[in-house]
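[1] Quick check, what structure comes out for this input:
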Amino acid sequence: MNDVVLVEQRDGVQVITINRPEAKNALDKAVAEAVAAAVDELDASDELRVGVLTGAGGTFSAGMDLKAFLRGETPAIEGRGLCGITQTPPRKPLIGAVEGWALAGGFELLLACDLVVAAETAKFGVPEVKRSLVAAGGAALLLPKRVPYALALEMLLTGEALSAPRAAEIGLVNRLTDEGAALDGALDLAATIAANGPLAVAATKQIARGTVDWSWEESWRRQAELTGPVFASEDAVEGSTAFAEKRAPVWKGR
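    Next up, the predicted model:
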């Protein structure tokens, strides 16, 4: 894996770290390809249950690398979006761990994450309109689905930054931590999720994400298609057996 993105595994959790602190973890082609490859590994691995996306050096990401953009590079991957995750997020849960700024494209990466843990000193923003640009990496599409419409428009149309406590108030951030502790907080949350049945977790995420776009009738049909194999799995039997035997379950992912 390219050293602009560091990838490590911790007890079933994959930690993906954008590692360009000298450039405030700005996103270029190399970062995009490496993040996409890491997420593909997350979904393909039987051992990995949850991903955590973070940035090195006290900043999540300041967004697209403008110098790389002027060289003709883009951090978007055809058909997959920014860093390969904004249009096609991973099947498994992905948690964003934020220190410092999550700005522009960096903020859009967070919207591709399912959950967000942030230091109380973190800040979020989509300032594109200040430069007569549009937040077309996902924010204009996804933010109104994550927070109340008026609040989404306030962020998108003013371009003003949002503090982490305010982001938590409106539902953008799940958990706040002390400065420097966002990754640890995200790993704690990831461990709780990773302890659950992997088939059930993946299906639950797919249903929750899909229901925004499904009709009422379609939602029940699609849910049945996704949950049928889960209820018929070995893991479902193991979960009930472990509960009856008062022990921790041993998941096989099948």
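[2] what's the burial count for Arg146?
    Per other CB atoms under 10 Å, the neighbour tally for Arg146 reads 15. Bear in mind the C-beta positions are built from the backbone N, C-alpha and C, glycine included.
[3] can I assume it is in contact with Leu172?
    Yes. The pair Arg146 / Leu172 is scored as a contact, 6.3 Å apart, by CB atoms under 8 Å.
[4] I'd say Arg10 and Asp188 touch.
    No. Using CB under 8 Å, Arg10 makes no contact with Asp188, being 11.5 Å away.
[5] so how far is Gly239 from Ala182?
    31 Å (CB to CB, to the nearest Å).
[6] Touching stretch 173-188 from outside, list them.
    For stretch 173-188, contacts defined as CB atoms under 8 Å, 6 or more residues apart in numbering pick out 10, 13, 15, 52, 54, 58, 95-99, 115-122, 164-165, 167-168, 189.
[7] could you redo the last one with a cut-off of 6 Å?
    52, 54, 95, 97-99, 115-121, 164, 167-168 (CB atoms under 6 Å, 6 or more residues apart in numbering).
[8] got it, and stretch 102-119?
    Applying CB under 6 Å, 6+ apart, the contact partners of stretch 102-119 are 27, 60-64, 82, 85-86, 89, 93-99, 124-126, 137-139, 142, 164, 173-175, 177, 179, 182, 185-186.
[9] Next, the buried residues of stretch 21-39.
    By neighbour count on 16 or more other CB atoms under 10 Å, the buried set for stretch 21-39 is 23-39.
[10] and the end-to-end length of it?
    Using CA to CA, to the nearest Å, the end-to-end distance of stretch 21-39 comes to 21 Å.
[11] so how far is that stretch off the chain centroid?
    Put simply, stretch 21-39 sits 14 Å off its chain's centre (CA atoms, centre = their mean, to the nearest Å).
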